[in-house]
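> Just need the structure, nothing else, for what follows:
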Amino acid sequence: MSNPTQIFQLFFRFRGANLESLLIFSNFANVKKIGYDGKRAVSNMTGLGNYSRLVLESVGRRFPDRTLLVYTPAMKANGRLAALHELDNVQFHVPDRKGPMNSGALWRSFRLTEQLRRDGVELFHGLSNELPFTIEKAGIPSVVTMHDVIYRRLPYCYSPIDRLLYDIKYGESCHMATRIIAVSERTKEDVCELYDISPERVDVVYQGCDESFRQVLSTVHLEEIRKRYELPARYILQVGTIERRKNLELTIRAMTTLPADVHLVAVGRGGSYKEKMEKLAERLGVRERVHFKSGIPFVDLPAINQRADVIVYPSHYEGFGIPVLEGIESRRPVVAATGSCLEEAGGEAAWYVDPNDARALGNLLVGLTDGSIDTAPRIVAGKKYARRFDNSTMAENLESVYEKALSDYRSKHL
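Residues are numbered from 1 along each chain as shown. All right, here's what the predicted structure looks like:
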């Protein structure tokens with residue numbers, strides 16, 4: 001043990017790092033293997049899944065010389081992974097050892113760290129609010145993306161056990177992470193306030209939306225999609241899980257103001273809240289004009305967006321609100337709610353209403369559908385505003401966060 005290098009190595013291993021790793025932690029250019037929590041990318045079709053796939057595609061394309069190791073408890077058939085399978089530098093990994101602790105949530109929360117060490121991962125990014133509880137034992141920098149803290153802001157939307165679990169997992173992840181990514185300024189403020197996190201550790205990185213929403217689809221294709229899903233000739237579109245927080249109730253109440261030829265199409269999964277909304281529409285006399293659609297393939301959503309008269313998203317609270325950006329990229333008038341982060345997603349390209357004012361939404365929708373409000377200026381403004389959410393910009397910002405994580409980790413351990 002007389003060799004100074006051996007002494008340093010022993011010291012840093014004790015502290016959860018090693019000398020060879022610390023020597024590269026000052027420069028992202030030296031990093032060759034990046035690990036990612038890929039559960040949502042593989043298993044989720046919306047929200048967190050879309051974000052995870054977008055990050056992996058953006059980073060994989062920008063850095064073809066880096067290997068992206070994507071860890072998932074199980075590999076599932078998912079057509080949305082096609083673009084990732086085409087990238088030679090993206091590898092999916094499942095548990096490499098058997099046993100009750102090496103599967104599912106237990107592996108993801110406790111044993112994944114051991115696999116990261118065996119695989120030589122040099123930086124780890126938790127894409128959906130959490131890191132392994134043992135991440136600090138990996139001896140590498142870690143980044144966690146926080147999408148929202150809605151379970152704190154709107155506790156009535158979650159069961160007590162879910163709120164407790166989210167607080168434990170997500171709160172601890174924020175404290176363990178070398179750097180935190182927030183998907184909006186609103187989410188950054190929430191994370192810092194509710195988990196007592198220094199703003200200096202949090203970077204806002206806006207996400208983009210799928211490139212397919214930017215493509216101008218032909219009239220023939222739009223009509224084909226309308227017929228396939230039996231959509232009305234004119235409709236207001238609201239996309240998102242049909243739950244209380246998303247506030248479909250406001251849009252249904254606003255429908256009483258609109259003429260009979262304008263319908264509402266609600267796209268998303270539904271449960272008991274959907275049943276309540278069906279009864280509400282019946283009671284208000286608009287049930288025949290409210291159409292619930294679920295199970296629509298993602299590939300058809302751009303056409304459904306572009307075919308809509310207006311896109312609405314009156315959610316009470318969001319971490320970012322990707323449907324707003326998708327509507328803007330689809331070159332349609334977009335109406336969102338005030339009170340959370342939706343103004344960040346829409347900027348000057350959208351219209352905004354109080355999420356509790358059905359009359360205001362109804363009057364605005366009348367103006368947007370009868371031509372009395374000129375929508376062209378904001379649609380043009382939307383093209384410019386949406387540039388800040390370009391996927392290449394997202395990749396650049398992620399690189400900057402990774403650089404900070406490496407530098408912060410090295411400073412902490414030297």
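> looking at this, Tyr409 is in a strand?
No: applying DSSP: H, G, I helix; E, B strand; the rest coil, one finds Tyr409 to be helix, outside a strand.
> What score does it have for pLDDT?
With respect to pLDDT, Tyr409 scores 94.
> need the contact list for the residue nearest to it when sequence neighbours are not counted.
Using Cβ to Cβ, 6 or more residues apart in numbering and skipping residues adjacent in sequence, the residue nearest Tyr409 is Pro141, 3.8 Å away. Every residue, glycine included, has its C-beta placed from N, CA and C. Counting by Cβ atoms under 8 Å, 6 or more residues apart in numbering, Pro141 makes contact with Phe25, Leu123, Phe124, Thr178, Arg179, Tyr402, Ala405, Leu406, Asp408, Tyr409.
> hmm, try it at 10 Å
Applying Cβ atoms under 10 Å, 6 or more residues apart in numbering to Pro141 gives the contacts 17, 21, 25, 31, 122-125, 135, 177-179, 402, 404-410, 412-413.
> How about the secondary structure of Leu131?
coil.
> burial count for the closest residue in space to it that isn't next to it in sequence?
Leaving aside its chain neighbours, Leu131 sits nearest to Ser173 (4.4 Å; criterion: Cβ to Cβ, 6+ apart). Neighbourhood size, Ser173 [other Cβ atoms under 10 Å]: 23.
> Just the pLDDT for Ser173.
Listed pLDDT for Ser173 reads 98.
> Quick one: the strands in the stretch 101-250 of the chain, in order.
For the stretch 101-250 of the chain, applying DSSP state E, counting those that start in this stretch gives strands covering 123-126, 142-146, 179-182, 202-204, 235-239.
> what about these, which gets the closest to Gly347?
strand 202-204 (14.5 Å; Cβ to Cβ).
> partners of the closest one, with directions?
According to DSSP bridges, strand 202-204 has the following sheet partners: strand 179-182 (parallel).
> Averaged pLDDT, the partner strand. What do you get?
Here the average pLDDT along strand 179-182 is 98.
> just stretch 63-80 next, same as before
So the average pLDDT for stretch 63-80 ends up being 94.
> do the same with stretch 359-376
So the average pLDDT for stretch 359-376 ends up being 97.
> what comes up buried for that stretch?
Buried positions in stretch 359-376, judged by neighbour count with 16 or more other Cβ atoms under 10 Å: Leu361, Gly362, Leu364, Leu365, Val366, Gly367, Leu368, Thr369, Thr375.
> Could you work out the most separated pair of those residues?
Longest span within the buried residues of stretch 359-376, Cβ to Cβ: Gly362 and Thr375, 17.1 Å.
> This protein - how does it break down into domains?
Following the assignment in automatic domain parsing, the chain carries domains at 4-208+391-413, 211-388.
> which of these has the lowest average pLDDT?
domain 4-208+391-413 (a mean of 90).
> hey, what's Asp37 bridged with?
Asp37 has these beta-bridge partners by DSSP bridges: Tyr71.
> Roughly how far does it sit from Leu127?
Distance, Asp37 to Leu127, using Cβ to Cβ, to the nearest Å: 5 Å.
> okay, and the common contacts of the two?
Ser52, Val70, Val144, Thr145.
> can you tell me which two in those residues are farthest apart?
Largest pairwise distance in these, by Cβ to Cβ, is 15.8 Å, between Val70 and Val144.
> re earlier: Pro132 is in contact with the residue nearest to Leu131, correct?
Yes: if you go by Cβ atoms under 10 Å, Ser173 and Pro132 touch, sitting 8.8 Å apart.
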